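K.L.:
pasting the sequence and the predicted model now:
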Amino acid sequence: MPRDEIKIAAIKSEEEDIDAPLRPYEILSYPADFTLEVLVDKWKKGEIKSPKLQRRYIWKIARASRLIESFLLGLPVPPIFVYQDRNDNSLLIVDGHQRLRSIAYFFSGWFGEVDDRERVPFRLEGLSAESPYLGTNFDQLKNTDIKTFNRFKDSVLRAFIMKQIQPADDTSIIEVFERLNTGGMIAQGQEIRNCIYEGEFNELLKKLNMNENWRKIVGKTVEDKRMRDIELILRFLALYHNIAHYEKPMKAFLNKFMKQYRRPPTPREDDSEAKKKTITVKQKEFSERMAAFETLFTQTAEAIVKYLGITPFHIRNGLNAAVFDSVFTAFGRNLSKINIANPTTAEIKRVASHFRNLLADAQYVKSISSATTDKDVVPQRLTKAEQLIFG
């Protein structure tokens, strides 16, 4: 297994959740034909945004060159899919990131970003030796063949624009990413949340993911490239605070919690003074909430390592997320019952013994291995973990 991937055992009771629809939506979808010049202009202005997913720009210059040649020759090019944000009407790329960035690179004259040390002049390569465009760059095309240049910049790339009508939010974009993203490896849940729910809470999760004790618990010094370690932290915080309101599927439960704490409210210029004061109070409450999340997680991670050691949730086939959920949350809810700073050998042995008894308990083993999708199975695991470890 690659050193930047964590092996996490599947939770049988959540297998059905993978393909479960989140909720019914009313979505408006319509085609729009943009010229390449207009698309690049929108890209530069930030009106079209690239999702912050793990899937970075991966095309080689030869492949990008063949895309540009397709436009020059008038060959058909697959459409892109974008999602319209209801707040600022910006367009988030769902599918077509590699194509759009390749076009923007050619217009700029450079293959790569400004801060990329491997950035090189973008001259078309990897084409047939007979191609009239082999070795051509944007400025050369503009200065030597204005007819072809105008036809190129006015070439059309069709975009399918999607916008959620009902409910009055942007929650359907999670479903859109899962169903329409075709860029090779399908994005994982937390990769999508990292894009859709970017904000202070998302940044806190990334910070917590680098906690020294946490890295010992997951068993990898480097972050998981699919962000599954970050999702485990989100699972803990969501279950700790909202276990009484847990509803399946788990992915919807996590989406709702992350959206709830995405970022603090911000005042608008035309808000009344009274409303601005209210927002200031809410901003303070938000900061306090983030600080509480951090304290809870770091103390729980420290307690786990001191009492259960490193990689305690690697039961058989990788990290067992069901055991992690219940035990990590149980520890978080019972920090006041244990000595975190300087536990005695006797205290450590007692808790570790109770943990082993939990893993041998028939009822608990059934709850973590059963394929039942009953919504009560998650709180049942937690209750059993608390009973057997902390009495």
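P.N.:
Looks like it arrived, so ask away. Numbering: from 1, shown residues only.
K.L.:
for Val40, see how far away the residue of the chain most remote from its centre is.
P.N.:
For the chain, the residue at maximal distance from the C-alpha centroid (CA atoms, centre = their mean) is Thr144, at 45.2 Å. Distance of Thr144 to Val40, given as CB to CB, to the nearest Å: 21 Å. For every residue, glycine as well, the C-beta is placed using N, CA and C.
K.L.:
tell me, how many residues neighbour Lys220?
P.N.:
19 (other CB atoms under 10 Å).
K.L.:
quick check, it in contact with Asp229.
P.N.:
Yes - Lys220 lies in contact with Asp229 (CB atoms under 8 Å); the separation is 7.5 Å.
K.L.:
give me the common contacts of the two.
P.N.:
Ile6 (CB atoms under 8 Å, 6 or more residues apart in numbering).
K.L.:
after the least confident helix or strand in the chain by mean pLDDT, which helix or strand is next?
P.N.:
Sorting the helices and strands of the chain by mean pLDDT, DSSP states H and E puts helix 173-180 at the bottom, at a mean of 66. Tracing the chain C-terminally past helix 173-180 and defining elements by DSSP states H and E, one meets helix 189-196 next.
K.L.:
dump that following helix to PDB, restricted to CA.
P.N.:
Only the C-alpha atoms of helix 189-196 are listed here, as PDB (Å, rounded to 0.1, in the frame of the first residue of the first chain):
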ATOM      1  CA  GLY A 189     -16.700  11.900   0.500                       C
ATOM      2  CA  GLN A 190     -14.200  14.100   2.400                       C
ATOM      3  CA  GLU A 191     -12.600  15.200  -0.900                       C
ATOM      4  CA  ILE A 192     -15.900  16.600  -2.000                       C
ATOM      5  CA  ARG A 193     -16.700  18.200   1.400                       C
ATOM      6  CA  ASN A 194     -13.200  19.800   1.200                       C
ATOM      7  CA  CYS A 195     -14.400  21.500  -1.900                       C
ATOM      8  CA  ILE A 196     -18.000  22.300  -1.100                       C
END
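K.L.:
now do that helix, average pLDDT.
P.N.:
Averaging pLDDT along helix 189-196 yields 77.
K.L.:
next, give phi and psi for Leu36.
P.N.:
When read as degrees, to the nearest 10, the backbone of Leu36 gives phi -60, psi -40.
K.L.:
OK, contacts around the residue lying closest to it once chain neighbours are set aside?
P.N.:
Excluding its sequence neighbours, the residue lying closest to Leu36 (CB to CB, 6 or more residues apart in numbering) is Ser155, at 5.2 Å. Residues near Ser155 by CB under 8 Å, 6+ apart: 35-36, 71, 74.
K.L.:
Met162 is in what secondary structure piece?
P.N.:
Here Met162 is assigned to strand 156-166, by DSSP H and E.
K.L.:
so which elements touch that strand?
P.N.:
strand 26-35, helix 36-45, strand 80-84, strand 91-95, helix 97-108 (3 or more CB pairs under 8 Å, 6 or more residues apart in numbering; DSSP states H and E).
K.L.:
mind checking how far the residue most central in space within the chain is from Arg226?
P.N.:
Most central in the chain under CA atoms, centre = their mean is Glu191, positioned 2.1 Å from the mean C-alpha point. Glu191 is 6 Å from Arg226, where distance means CB to CB.
K.L.:
for the residue farthest from the centre of the chain, give me the pLDDT.
P.N.:
pLDDT at Thr144 comes out at 92.
K.L.:
offset the numbering so it begins at 21, please.
P.N.:
Sure thing, new numbering starts at 21, so read that last one as Thr164.
K.L.:
and the longest helix anywhere in the chain, what does it pack onto?
P.N.:
Secondary structure of the chain read by DSSP state H shows that its longest helix is helix 293-328. Under the contact definition 3+ CB pairs under 8 Å, 6+ apart, helix 293-328 sits against helix 220-228, helix 232-238, helix 248-262, helix 341-353, helix 365-380.
K.L.:
which residues are contacting stretch 373-388?
P.N.:
With contacts defined as CB under 8 Å, 6+ apart, stretch 373-388 is touched by 31, 327-328, 332, 335, 340, 342-343, 346-347, 397, 400-401, 404-405, 408-410.
K.L.:
which of these are buried? Put it as a PyMOL command.
P.N.:
Written as a PyMOL command, the selection of buried residues from the contacts of stretch 373-388, which uses 16 or more other CB atoms under 10 Å, is:
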select buried, resi 31+327+328+332+340+342+343+346+347+397+400+401+404+405+408+409
